[in-house]
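[1] Need the 3D shape of this:
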Amino acid sequence: MSNGKGHLVPKAAPALDKFKYETAEELGLLHKVMEKGWENMTTYECGKIGGNMVRKLIREAETSLFTNSAGEED
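    Numbers count the residues shown, from 1 in each chain. Coordinates of the predicted model:
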């Protein structure tokens with residue numbers, strides 16, 4: 001997400017932050033994030049949130065590709 005100088009697509013930052021909090025909530029970790037802050041989350045917990053975000057993004061991309069390619073075949 002970052003090239004060391006900030007986000008690759010700066011305008012995407014708010015949407016990704018929202019997505020991160022939504023994923024944390026789905027995993028039952030939002031209360032801990034709100035209570036302790038991201039800096040006090042374990043590596044395991046952050047990895048779990050990030051891994052689930054990646055899975056969702058890949059699933060969405062695959063669905064989009066399938067939908068787009070299915071529409072072009074008609």
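[2] How far off centre is whichever strand or helix holds residue 18?
    Element membership for residue 18 (DSSP states H and E) is helix 13-26. Its chain's C-alpha centre and that of helix 13-26 lie 6 Å apart, by C-alpha atoms, centre = their mean, to the nearest Å.
[3] Also stretch 20-28?
    Per C-alpha atoms, centre = their mean, the centroid offset for stretch 20-28 relative to its chain is 9 Å.
[4] The residue nearest the centre of the chain: what secondary structure?
    Closest to where the C-alpha atoms of the chain average out (C-alpha atoms, centre = their mean) is residue 53, at 3.3 Å. Classification of residue 53 by DSSP: H, G, I helix; E, B strand; the rest coil places it in helix.
[5] I'd say it and residue 22 touch.
    No - contact between residue 53 and residue 22 fails when scored by C-beta atoms under 8 Å: they sit 9.1 Å apart. Every residue, glycine included, has its C-beta placed from N, CA and C.
[6] For this structure, just list every one of the helices.
    13-26, 30-36, 43-73 (DSSP state H).
[7] Would you mark the buried spots in the shortest one?
    In terms of neighbour count (16 or more other C-beta atoms under 10 Å), helix 30-36 has its buried residues at 32-33.
[8] what does the last one give?
    Buried residues in helix 43-73, counted by 16+ other C-beta under 10 Å: 45-46, 48-49, 53.
[9] Give the other helices and strands that it contacts.
    helix 13-26 (3 or more C-beta pairs under 8 Å, 6 or more residues apart in numbering; DSSP states H and E).
[10] Next one, pLDDT for the closest residue to the residue nearest to the centre of the chain other than its chain neighbours please.
    Excluding the flanking residues, the one nearest residue 53 by C-beta to C-beta, 6 or more residues apart in numbering is residue 23, at 5.2 Å. In the prediction, the pLDDT value recorded for residue 23 is 97.
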